[in-house]
Each structure stands twice: as structure tokens, then as C-alpha cells.
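Colleague: Provided below are the primary sequence and the corresponding predicted coordinates.
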Amino acid sequence: MRRLFGAGVAIATLLVAAAGTPAAASSSHRDGYVKVGYFTQWGIYGRAFPVKKLDTSGAASRLTHVNYAFGNVSPDGRCYVDGGPGEGDSWADYQRPVPAEESVDGVADTWGEPLNGNFGQLQKLKAKHPDLKVLISLGGWSWSTYFSNAALTDASRKAFVSSCIDLYLKGNLPNPDGGSGGPGALAGVFDGIDLDWEWPGSDGEPGNVVRPEDKQNFTLLVAEFRRQLDAFGRSSRKHYQLTAFLPAAPATIDAGFEVRKIFKYLDFGTLQGYDFHGTWEARANQQSALRVPAGAPDNPDFSVENTVNAWLLRGAPRGKLVVGIPYYGRGWTGVTGGTNGLFGTSTGPAPATFEAGYEDYKKLKTLPANGFTVHRDLRAGHAWLFDGTTFWTYDDPIVVAQKSLYIRAKGLGGAMVWSLDGDDDQATLTKTISHTLGR
């Protein structure tokens, strides 16, 4: 890994220098770069990724923030713990007794402790890494259904924010069946709230409630979060952070976000730097390129640079823009034509471990030993794998280093990753970000 990391930094440094980056840009960030990783509730199962791996891999010491995915929003606009089959998993969140071999401190949970499960392990992780901030991320693709209801009126916004603070910051968890939870059980674990409404004013998952007034109501919602978080923090003399996940598409930005206004209340915003293309399209394409590749068939097209510029053009402060980086790839099979598969036509999604067309980096990194060739566009900042039939677009350490140097060169706020369970057991990608951005 060390040799590959060094090569990635050297190549990316030359590319950034060649681009003529302003000398003052890299020194414009005042407080250091944020390095945010999403930890998925469900990663403890098939991906066998407990909170402990954040410690043993070395990831926790390289991150500034862990965002826990996800918290749900009820139809009547409240934060609540959803234990419904197929959706929520309060067992994983805080009820499951974690065995000693999965525990951050090596001590097994017992039934009925105030805090078990992932939340209890995050509590232990923070004790070991006291500078690490942990945020609860609300919504996501599947749980943004009722955000519009929560944001609709002054009364609904006040009630929604109050319920989120009560549940996640005051820590008043439900206590079913005499198990874990209860008043104050979760207090002190979360340091703030991440809003992942996908998307105000625009369609997301089918069935989401969408209203034209979502754009203005999102601003009012973040203002209400900031007001109540500050009021709650005054008693403990603590600043509770407020962040938001923000889209790449200019049309989605314009439909849902009053850009200059919302950043008055946000500590920072994380930008969608992935899913630019995927197997919902027949063409094998890049999903996370730094710049639009030469010969791209779509004009205009998506890229990290275009996303950053879209937010800057609308008035976002560059020091609060955090670039999203994927720890997974998207893949097609039956690919013919294109350049080494890029822009070729496919017959469908590539077979994969958990979801066709979607594979973790830790698996993709093994493919060159199994008949795949790594192809790279250094100018555009993306890489892909191709074996003559199957095509995977992904970020390897060289691409991640190049993006991290771009963040430095442009004076941006840092990097965010989705999601930590996609990295290998050595946290290669997270360490690449940390080494390149600096502590």
C-alpha cells in the first residue's frame, strides 16, 4: 500500500501543479480539514463491519467525524427509532448485546445494559478517541419520505427538531421488553445532526412527499435546528454541529436549496461526489470522476469539479464544502464498444456480492489478480476495471489521493466517504485521505 500511496500522491501533485492552482487557495482553510465517514447500521451483518473495525483498522484515528446512517422521520414529522421489519433495526442500533470479539474494549455486553449495540460501541469508540465527533444522519435515500411534512410549518419544524434532540442528544431512547434504552441512555454519544433529505423540492425514492415550498422550508428547518441546538448546547457549553448532505445535479440544487442562506446555519455541507452514472443507464460510464472525461457522450455531464463549481457559483463558502468520495464502484456486464469498455453499451448490471452493479472497494481491489486490467484517466481523475466483458468504475488510492489534493488546492472544507465498510481491513482509502489532507 505504501508504494501505491506514494505513487498516487506524486502523480496527483503533478496534476494539481499543472492546473495552475492559485497559491493562496491551500492556505485558506482556517481550522483544518474535516474527514467524515458514514458508518452504516446494517454493515454489521453481511459485511461483517462492527464499530470495532474503525479502531483496529486505524480509520477512527484518521477521521474527524463519523456519521451514523440513518435516523428515521415519522409520517407526522418526528424523529423516532424505527424497528419495523425491512426498514429500521433498533436491535442493531442499541439493543443487541455485542460479543467480546466485536467490542471496541474487548468487553462483552450483557442483556439490559442502558446502551448496547452500535450506539454502545460508538460510546466506547469515543472514549478511546475523544476528539472524534459522531453525528446522527437523518433520512437517506429510503427515509426521506416524510421530511417535507416535518418542515412544513413553524409548529411542525419546532416539534421535529425538539423530538430529534430529545431522542439523540438528550438520549431518551425507547425501552422495550426491559432491554437497553431508557431516559438519558444515549446522552453524550452524538455531537450533532446531519440532515440527509433526498431531496427537498425534487423526486427521490418513489413515494416521497415533495412540495414546491420545500426549498424555503428547508432553510427554515436548518435555522430551527441551529436555534434549538445552540439553546441546548448553552447549558453544557458545547457546540452541537449541524451538517447536510447536498446533491450534485444543478436542477436539484435550484429546486431545493437557498444556498447562501442555508450555509449561515450549517457547519459544513457534504457534496454528492458519486452516482453520476450507474446501471440505471445502459452505457458503462464513470460514476465519480474528478473532471468530465474527454469524449464523454453526455453534455453537460456530472463530475466532482462541476458539482463544486455549481455550489460555489450559487454562493456557497468554499471552506464549508466537503467533497464526497465513494468506497464502492458501479459495474456493467456484457459491455461492447467504447475505449477499454468506457462508454460502451452493456447488457445489464455486473454480478456482485450484495447488489448487482454495486461492489465494495475491498472486493474490487482484488480483481486485477483475476483477469481485470486497471485503466486510468489521470487528467479526468478516474479509474476503471475491465476484463473485456465486465466494467467497474471505482476510486482507488491514486484517485482518492488526487481528489484529496484537489480539495487542498481549491481551499475546500475536506472529504466525506460513503461508506466506511467498503474499505479494506487496513483502511487504505481512509489513510490515503488523511495522509494527503493532513491532520
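Modeller: That came through fine.
Colleague: what sits against Ile262?
Modeller: Counting by Cβ atoms under 8 Å, 6 or more residues apart in numbering, Ile262 touches 218-219, 222, 244, 269. Heads up, the C-betas are built off the backbone N, CA and C, glycines and all.
Colleague: out of the residues you listed, which is most surrounded?
Modeller: The residue in the contacts of Ile262 with the most neighbours, by other Cβ atoms under 10 Å, is Val222 (27 neighbours).
Colleague: specify the local secondary structure of that residue.
Modeller: Three-state call for Val222 (DSSP: H, G, I helix; E, B strand; the rest coil): helix.
Colleague: i'd like the first residue to be 14 from this point on
Modeller: Yes, from this point I'll number from 14; that puts the last item at Val235.
Colleague: do you know how far the residue of the chain positioned farthest from its centre is from Thr256?
Modeller: Here the chain reaches farthest from its C-alpha mean at Gly191, the gap being 33.8 Å by Cα atoms, centre = their mean. In this view, Gly191 and Thr256 are 35 Å apart by Cβ to Cβ, to the nearest Å.
Colleague: not counting sequence-adjacent ones, nearest residue to the residue farthest from the centre of the chain?
Modeller: Counting by Cβ to Cβ, 6 or more residues apart in numbering, Gly191 lies nearest to Gly125, which is 6.3 Å off, once chain neighbours are set aside.
Colleague: what about that neighbour, helix or strand, and which?
Modeller: Using DSSP states H and E, Gly125 maps to neither a helix nor a strand.
Colleague: contacting residues around it?
Modeller: Gly125 neighbours (Cβ under 8 Å, 6+ apart): 191-193.
Colleague: identify, from these, the entry nearest to Lys376.
Modeller: Ser193 (33.4 Å; Cβ to Cβ).
Colleague: hang on, isn't that closest one packed against Asn129?
Modeller: Yes: between Ser193 and Asn129 there is a contact at 4.5 Å, judged by Cβ atoms under 8 Å.
Colleague: off-centre distance for stretch 386-399?
Modeller: 23 Å (Cα atoms, centre = their mean, to the nearest Å).
Colleague: and Ser193 and Asn129? which has more neighbours close in?
Modeller: Ser193 (29 against 25).
Colleague: per-residue confidence for Lys191?
Modeller: Careful, residue 191 is Gly and not Lys. Per-residue pLDDT puts Gly191 at 81.
Colleague: related to what we said a few turns ago, adding distance to Glu368 and pLDDT, write the contacts of Ile275 out as TSV.
Modeller: Output for those, formatted as TSV (distance: Cβ to Cβ, whole Å; pLDDT from 0 to 100):
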residue	distance to Glu368	pLDDT
Phe231	30	99
Thr232	35	99
Val235	32	99
Ala257	26	99
Gly282	27	98
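Colleague: burial measure for the closest residue to Leu165 other than its chain neighbours, as a count.
Modeller: Once flanking residues are discounted, Leu165 sits nearest to Asn230: 6.3 Å by Cβ to Cβ, 6+ apart. For Asn230, the count of nearby residues is 23 (other Cβ under 10 Å).
Colleague: could you do the one 4 residues further on as well?
Modeller: In terms of burial, Leu234 registers 25 neighbours under the definition other Cβ under 10 Å.
Colleague: verify the contact between it and Asn162 for me.
Modeller: No: assessed by Cβ under 8 Å, Leu234 is found out of contact with Asn162, at 11.3 Å.
Colleague: show me where the stretch 164-313 of the chain has strands.
Modeller: 205-209, 254-259, 281-284 (DSSP state E, counting those that start in this stretch).
Colleague: to Lys378, which of the ones you listed lies closest?
Modeller: strand 281-284 (24.3 Å).
Colleague: so after that closest one, what's the next helix or strand?
Modeller: According to DSSP H and E, the helix or strand after strand 281-284 is helix 317-326.
Colleague: what angle separates that next one from strand 254-259?
Modeller: Counting by axes from the mean of the first three to the mean of the last three Cα atoms, to 10 degrees, helix 317-326 lies at 120 degrees to strand 254-259.
Colleague: who does helix 317-326 touch, helix- and strand-wise?
Modeller: Contacts defined by 3 or more Cβ pairs under 8 Å, 6 or more residues apart in numbering; DSSP states H and E place helix 317-326 against helix 263-269, strand 281-284, strand 334-339, helix 410-422.
Colleague: make CSV from the ones you listed and add distance to Ala307 to it.
Modeller: Output for the helices and strands packed on helix 317-326, formatted as CSV (distance: least, Cβ to Cβ, whole Å):
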stretch, distance to Ala307
helix 263-269, 22
strand 281-284, 23
strand 334-339, 22
helix 410-422, 17
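Colleague: between those, which one is nearest to Asp89?
Modeller: So among the helices and strands packed on helix 317-326, helix 263-269 is nearest, using Cβ to Cβ, at 22.0 Å.
Colleague: neighbours of Gly45, just the number please.
Modeller: So Gly45, with other Cβ under 10 Å, has 12 neighbours.
Colleague: what pLDDT does it get?
Modeller: 93.
Colleague: looks to me like it is in a strand.
Modeller: No: counting by three-state DSSP, Gly45 falls outside a strand, being coil.
Colleague: distance from stretch 198-212 to the middle of the chain?
Modeller: That offset, for stretch 198-212, works out to 13 Å (Cα atoms, centre = their mean).
Colleague: and that stretch, what's buried?
Modeller: Within stretch 198-212, the residues scored as buried using 16 or more other Cβ atoms under 10 Å are 198-200, 202-212.
Colleague: likewise stretch 111-119?
Modeller: For stretch 111-119, using 16+ other Cβ under 10 Å, the buried residues are 111, 115-117.
Colleague: rebuild the residues you listed as TSV, extending it with distance to Leu442, pLDDT and secondary structure.
Modeller: Shown next, in TSV, are the buried residues of stretch 111-119 (distance: Cβ to Cβ, whole Å; pLDDT from 0 to 100; DSSP: H, G, I helix; E, B strand; the rest coil):
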residue	distance to Leu442	pLDDT	secondary structure
Val111	25	98	coil
Glu115	22	98	helix
Ser116	25	98	coil
Val117	21	98	coil
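Colleague: what ranges in the stretch 164-313 of the chain fall below the confidence cut-off?
Modeller: Scanning the stretch 164-313 of the chain for pLDDT under 70 picks out nothing.
Colleague: understood, closing this out.
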